[in-house]
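Trainee: return atomic coordinates for the entry below.
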Amino acid sequence: MQSGLKKFDKWIIEFITEDPGKNPLMGWESSSDTYSELNLEFRSKDLAVDYAKKNNIDYEIIEPQRRKINKKSYSDNFIK
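Mentor: Residues are numbered from 1 along each chain as shown. Below you'll find the predicted structure:
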């Protein structure tokens with residue numbers, strides 16, 4: 001299986017819900033904090049950090065992991 005690389009060039013600010021609760025009627029997880037539904041996308045890490053600092057938002061930077069590419073050949077299925 002191959003994973004695509006589309007939209008991996010963006011930086012995102014996600015707001016974390018502090019106190020999720022359960023909806024008493026349906027039993028689903030719910031919250032009155034609407035920030036948890038908000039994701040802000042930025043073109044670069046610097047723009048995201050500047051926005052967080054300007055708006056007094058606590059942030060944590062999670063660097064993307066490098067992908068290890070294993071080159072394979074169809075003939076490898078038959079050689080052993």
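Trainee: does the residue nearest the centre of the chain count as helix, strand or coil?
Mentor: Per C-alpha atoms, centre = their mean, the C-alpha nearest to the average position across the chain is that of Ile12, at 6.6 Å. For Ile12, the reduced secondary structure class is strand; criterion used: DSSP: H, G, I helix; E, B strand; the rest coil.
Trainee: pLDDT below threshold where in this protein?
Mentor: Using pLDDT under 70 as the threshold, the predicted model of the chain has low-confidence ranges 1-7, 80.
Trainee: what are the ranges of the helices in it?
Mentor: Counting by DSSP state H, residue ranges of the helices within the chain are 45-54.
Trainee: for this structure, just list every one of the strands.
Mentor: In order along the chain, the chain carries the following strands (DSSP state E): 11-14, 21-22, 29-30, 39-42.
Trainee: what does the first one contact?
Mentor: Defining contact as C-beta atoms under 8 Å, 6 or more residues apart in numbering, one finds that strand 11-14 is touched by 38-45, 47-48, 51-52, 57, 59. (Glycine included, C-beta is placed from N, CA and C.)
Trainee: return the members of those residues classed as buried.
Mentor: A residue is treated as buried here by neighbour count (16 or more other C-beta atoms under 10 Å); on that basis the buried members of these are Phe42, Ala48, Ala52.
Trainee: and which of those residues is nearest Glu63?
Mentor: Ala48 (12.5 Å; C-beta to C-beta).
Trainee: may I ask you to confirm that the closest one is in contact with Asn39?
Mentor: No. At 11.3 Å, Ala48 and Asn39 do not qualify as touching, with contact defined as C-beta atoms under 8 Å.
Trainee: show me what contacts Ala52?
Mentor: Neighbouring residues of Ala52 by C-beta under 8 Å, 6+ apart: Ile13, Asp58, Tyr59.
Trainee: now do 6 Å
Mentor: Under the criterion of C-beta atoms under 6 Å, 6 or more residues apart in numbering, the neighbours of Ala52 are Tyr59.
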